[in-house]
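[1] The sequence and its predicted three-dimensional model are supplied below.
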Amino acid sequence: TIDGVKKKVELEQQLIVTYSIKYRNYLRSIRNRQIERALKAIESGAKAVEKKRQNDPNRFIKANHATEDGEVADKTVYFIDEGSIAKEEMYDGFYAVCTSLDDKAEAIVKINQRRWEIEECFRIMKSEFQARPVYLKRKERIVAHFITCFIALILYRYLEKKLSNRYTC
């Protein structure tokens, strides 16, 4: 709000969808391992969980509390839900990016493909260089701490390239 007046801001976004056979195969191999774990859970007598997370193998387990006649069953039967597997499999290989950048789709996809490197830099700074948590109060000390970590990261990346990526953090 500016001076008590609400202002509605609309962002124009573009959706870029890509498809990769390699990514499709990767997702299917992960799902197949999850299905194996779900089958083992059924065999061991594990109960189906109501709240199922996105990567939880239990999302493929369904429970049947009724007989074929529709009556309440004495025993609950657990089974693999082939429908949920097929529904999930439809999207294998697709990757979508929503962005407000005006660049061409090819440029945005290239940037997005290198996103893992940026995430890796943050992981290195947080774990190896102990950039967080910061127990400092004065702004100039906090800035100095992060500049030191950033310079260390630059030096690390430079050495990594000079040593032909033979060593990791």
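    Happy to help now that I have it.
[2] Return the set of buried residues in the longest strand along the chain.
    Secondary structure of the chain per DSSP state E: the longest strand is strand 72-80. Across strand 72-80, burial judged by 16 or more other C-beta atoms under 10 Å covers Tyr78. The way it works is simple: take the backbone N, C-alpha and C, and place the C-beta from them, glycine included.
[3] likewise stretch 19-36?
    24, 27, 31, 34-35.
[4] That stretch: how far from the chain's middle?
    14 Å (C-alpha atoms, centre = their mean, to the nearest Å).
[5] Output the below-cut-off pLDDT ranges for the chain.
    1-4, 9, 46-52, 66-73 (pLDDT under 70).
[6] quick one, helices of it?
    Taking DSSP state H as the test, the helices found in the chain are 21-43, 82-89, 105-113, 115-127, 139-162.
[7] Kindly report the domain assignment for the protein.
    11-102, 115-168 (the TED database).
[8] got the end-to-end distance for the last one?
    Think domain 115-168. 19 Å (C-alpha to C-alpha, to the nearest Å).
[9] residues near Lys110, how many?
    11 (other C-beta atoms under 10 Å).
[10] before we move on, what about the one 10 residues further on?
    Using other C-beta under 10 Å, Glu120 is surrounded by 11 other residues.
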